[in-house]
Structures are given as C-alpha cells and as structure tokens.
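Q: Here is a sequence with its predicted model. Questions after.
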2 protein chains.
Amino acid sequence: MELLKERILNEGHVKAGNILKVDSFLNHQMDISLFDEIGKEFKSIFAGEGVNKILTLEASGIGVAVITALHFDCCPVIFAKKTQSKNLDGDLYLSQVTSFTRGTTYDIQVAQKYIRAEDRILIVDDFLATGAALLGLADIVAQSEAYLAGCGIVIEKSFQEGGALLRGKGVRVESLAKIKAFEGDKVIFE
Amino acid sequence: MELLKERILNEGHVKAGNILKVDSFLNHQMDISLFDEIGKEFKSIFAGEGVNKILTLEASGIGVAVITALHFDCCPVIFAKKTQSKNLDGDLYLSQVTSFTRGTTYDIQVAQKYIRAEDRILIVDDFLATGAALLGLADIVAQSEAYLAGCGIVIEKSFQEGGALLRGKGVRVESLAKIKAFEGDKVIFE
C-alpha cells in the first residue's frame, strides 16, 4: 500500500533494537483518514471471505480494527484483553503470549460467547514481528472452531519470524507494508 | 440517548461493587453501528466548538474515540498510554491517575508534540465513575494550554463523584447515559 509506505518513509523513525516508531500516525496519534484507507484495503483483500467478526488485541490494534469493521458492514469487533478484567466473566478462551522483546508471558482472553464455531473471523493488528500476539489470537480462533479468514496486518517486519510462523501453520497473512530490513535509520521494504 | 439506554437495559448486567457489565457492545465486543450513532451524537453536542483533535485513554476508550473522529472531519485521535512505552520518546505530558477501585496509582502520558496550545481538544471515554482517568486527561490538556471543548462520555455513573469533580473544575461533561443508581440488578437512569 503505497500511501502507507510513504508515511513510514516520511514519518517513521528507526530506533535501537529494531524498533520502528510510527507514533505520529499509527500507535499513539492515529490518522483516521489513513485508517480508513487501510480498512478499505483489508476489505478488498478479504472480500468474498464472508467475514462477520473482527478480532484484535488491546490496545494499539483497536483503532485500525474498528475502522476496518466499517468496511465489513459494521461487523462487531472483539478485542482480546491482556489482563484479568472485572468486565469479563463466564467461560473464556485463554491463550498464553510470550513477549520475546520484553521477556514476559501473559494471558490473553476472550469471552467464549462472542466467538462461535459458525463465525468467520478476520484478525487485525498494527504490527507483526515475532508473531507472539497473533499466534495467541489465532489459537483462540482455533479453540472456538470458527473459520479464520486470515490476518490483516498494517506493518510486518518480515525479517522477524512471526510471518513465517503463522503462514507455516496455514494462516493467511496479508501485510500492507512489509519491511525486510533496517539499514541504519533507513527502512527497506520488500 | 435512547438507543444506548435500551442497550444498557437489555444487555447490561449489574455486578457486585457497582460494576456494570456492558461487554456485549461497549468494552469487549464493540458494536460498530452503535458507536457510529454515539459519534454522531457527540458531533451534534460539540458542534461549533472547532474540535480538531480527540484525546482518549487506552484501551477501552479507543474504539468510540476513533469512530467519533469520523464525525469530526477525520481529526486525529491521540490515546494516552498507561505504561512506559518504547514507542514514546521526546518530551511527554505526564499525569498521575489513582484508581480508587483497584487501589493503584499509575502515570498516563502523551507526547507533547501531539497536543499544542492552538489545539481544540475533545476528550472521549467509555465510562465516567470516580473520574480519576478523566481528571488525568484534563490535566494533560491543561498542561498543553490547548482549549478543552469538553468530555464526551458514553456512560456516567452519576452516583459517583467523577462528574461533579470535573464539572466543579469548569469542564463541560456530556454523558449519553447517566445512571443515578443500581437497585439490585436494575439500572436506574437520571
């Protein structure tokens, strides 16, 4: 997606530890016009999949997921929670996520009543790197026995292992910008 | 907002500790059509205020804030972060939030470059109860010297002190559903 790549080139900053800072439009300040174009793009990629629900993870996936839902006939968006919440009860799908960058492990959870075997799920998230969070979300969809249409990702760091791990499990992963390397402070797309 | 009150009456569950569970449409599964109506309502309430940016707090405020932004000419949405993030650097606005329900204190932070003195800010959040989070957001707007148009709240528990605290500081607070009491498992609106 050219518009997105331009924004990454113009506004992204590469920091130590392979961090790409895109907080001017993606994960702190959010550019809603850009999100609308991203949602349109996901719709065109996953058209014909009969997606009826979008699944994401708090917090930075929520914005893109919600705008994307507008392009899928205002389908519901469910965001998995990272912490025990007083707002969740009843039966939960749980999956364990290990953050390789932070060295921590945490549970993500979704109330079972919101994903059923007859659902057709699109997972949406802002970043794919090690794939830890997305593997957890895909695991939750597998537990529910719903159909997983795929993962719509805004930015994939394809030099990290997450994309290959997910695709190796047969998950369709579509990323709007794929970064194959950082060279100094320069972003190199695939 | 009648549509919202109906949803609360039909789907909300009152739990011990004055918790209102509305996870079927507001803060776990999100009903995007309803969010669109909520956004329209905030636009009609704050029309003429010249709002050019929306501020919210991760995580459950983000969905409503993003859809609301569509009704304010796709203005940017900034979500304050609760934890130290590798994605934030440079000068930050910080405010301390004490969660009375959880007995914890945490910082919320916004990169200074995204809120400037010339901005006209609308704060959007899903719940107002003790007001701790909103007082923190309003404090950040005050630090920036931007104009605070007000707070657009989906559900206010008006039997708790947050609304009075904010209004007492001269902040305009507009809540789409105001709950004055829970009687057993029944929700009583103002």
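A: Structure received. Numbering: from 1, shown residues only, chains lettered A, B, ... in the order given.

Q: what separates the spatially most central residue of chain A from B:N27, distance-wise?
A: Taking CA atoms, centre = their mean, the centroid of chain A lies closest to A:D125, which sits 1.5 Å from it. Applying CB to CB, to the nearest Å, the value for A:D125 to B:N27 is 19 Å. In this view, the C-beta of every residue, glycine as well, is placed from N, C-alpha and C.

Q: same question, A:G50
A: Counting by CB to CB, the gap from A:G50 to B:N27 is 27 Å.

Q: More neighbours: the two, which one.
A: B:N27 (24 against 11; other CB atoms under 10 Å in any protein chain shown).

Q: Run through the strands of chain A in chain order.
A: A:13-15, A:19-21, A:29-30, A:53-57, A:77-80, A:92-99, A:104-111, A:120-128, A:147-157, A:173-183, A:186-189 (DSSP state E).

Q: Same list (those) but as a markdown table, adding distance to chain B and mean pLDDT.
A: As requested, the strands of chain A are exported to a markdown table (distance: least, CB to the nearest CB, whole Å; pLDDT from 0 to 100):
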| stretch | distance to chain B | mean pLDDT |
| --- | --- | --- |
| strand A:13-15 | 7 | 94 |
| strand A:19-21 | 5 | 93 |
| strand A:29-30 | 5 | 98 |
| strand A:53-57 | 8 | 98 |
| strand A:77-80 | 5 | 98 |
| strand A:92-99 | 10 | 91 |
| strand A:104-111 | 6 | 93 |
| strand A:120-128 | 10 | 98 |
| strand A:147-157 | 12 | 98 |
| strand A:173-183 | 15 | 97 |
| strand A:186-189 | 16 | 98 |
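
Q: mind checking which of the ones you listed is nearest B:D119?
A: Nearest to B:D119 among the strands of chain A is strand A:29-30; the distance by CB to CB comes to 11.5 Å.

Q: and that closest one, which strands flank it?
A: Neighbouring strands of strand A:29-30 in its sheet, by DSSP bridges, are strand B:77-80 (antiparallel).

Q: Distance of the closest residue in space to A:F127 that isn't next to it in sequence relative to A:K5?
A: Nearest non-adjacent residue to A:F127, counting by CB to CB, 6 or more residues apart in numbering or on different chains: A:I155, 5.5 Å away. If you measure A:I155 against A:K5 using CB to CB, the figure is 10 Å.

Q: Need the residues that contact the longest helix along chain A.
A: Ranked by residue count under DSSP state H, the longest helix found in chain A is helix A:32-46. By CB atoms under 8 Å, 6 or more residues apart in numbering or on different chains, the residues outside helix A:32-46 that reach it are A:1, A:3-4, A:7, A:25, A:63-64, A:67-72, A:122, A:124, A:149-150, A:152, A:154, A:174, A:176, B:66, B:69-70, B:74-77.

Q: what do you get if the cut-off is 7 Å, keeping everything else the same?
A: A:1, A:3-4, A:7, A:25, A:63-64, A:67-68, A:70-72, A:122, A:124, A:149-150, A:152, A:154, A:174, A:176, B:66, B:69-70, B:74-77 (CB atoms under 7 Å, 6 or more residues apart in numbering or on different chains).

Q: A:T105: how many residues sit nearby?
A: Neighbour count for A:T105, taken as other CB under 10 Å: 10.

Q: Quickly list what it is bridged to.
A: A:T98.

Q: OK, contacts around it?
A: Contact analysis of A:T105 by CB under 7 Å, 6+ apart lists A:96-98.

Q: now it: how far from A:T130?
A: 13 Å.

Q: Please tell me how far stretch A:47-57 is from the chain's geometric centre.
A: 12 Å (CA atoms, centre = their mean, to the nearest Å).

Q: Name the residues that touch it?
A: Residues outside stretch A:47-57 that contact it (CB under 7 Å, 6+ apart) are A:62, A:65, A:68-69, A:72, A:75-80, A:108, A:115, A:119-125, A:133, A:137, A:141, A:149.

Q: Mind doing that once more with 8 Å?
A: Here stretch A:47-57 has contacts from A:62, A:64-65, A:68-69, A:72, A:75-80, A:82, A:108, A:110, A:114-115, A:119-125, A:133, A:136-137, A:140-141, A:146, A:149-150, using CB under 8 Å, 6+ apart.

Q: Report the buried residues of stretch A:1-19.
A: Within stretch A:1-19, the residues that qualify as buried are A:1, A:4-5, A:7-8, A:12, A:14, A:19, counting by 16 or more other CB atoms under 10 Å in any protein chain shown.

Q: my bad, stretch A:121-131
A: Result for stretch A:121-131 [16+ other CB under 10 Å]: buried residues A:121-131.

Q: Distance to A:I45 added to those residues, as a markdown table?
A: Below are the buried residues of stretch A:121-131 laid out as a markdown table (distance: CB to CB, whole Å):
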| residue | distance to A:I45 |
| --- | --- |
| A:I121 | 15 |
| A:L122 | 10 |
| A:I123 | 13 |
| A:V124 | 11 |
| A:D125 | 15 |
| A:D126 | 16 |
| A:F127 | 18 |
| A:L128 | 15 |
| A:A129 | 20 |
| A:T130 | 23 |
| A:G131 | 19 |
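
Q: And those, which is closest to B:G162?
A: In terms of CB to CB, no member of the buried residues of stretch A:121-131 lies closer to B:G162 than A:D126, at 30.6 Å.

Q: doesn't A:I62 make contact with the closest one?
A: No. The criterion here is CB atoms under 8 Å, and A:D126 misses it with A:I62 at 9.3 Å.

Q: hmm, back to that, now do the shared contacts for A:T105 and A:T130.
A: In contact with both A:T105 and A:T130: A:S99, using CB under 8 Å, 6+ apart.
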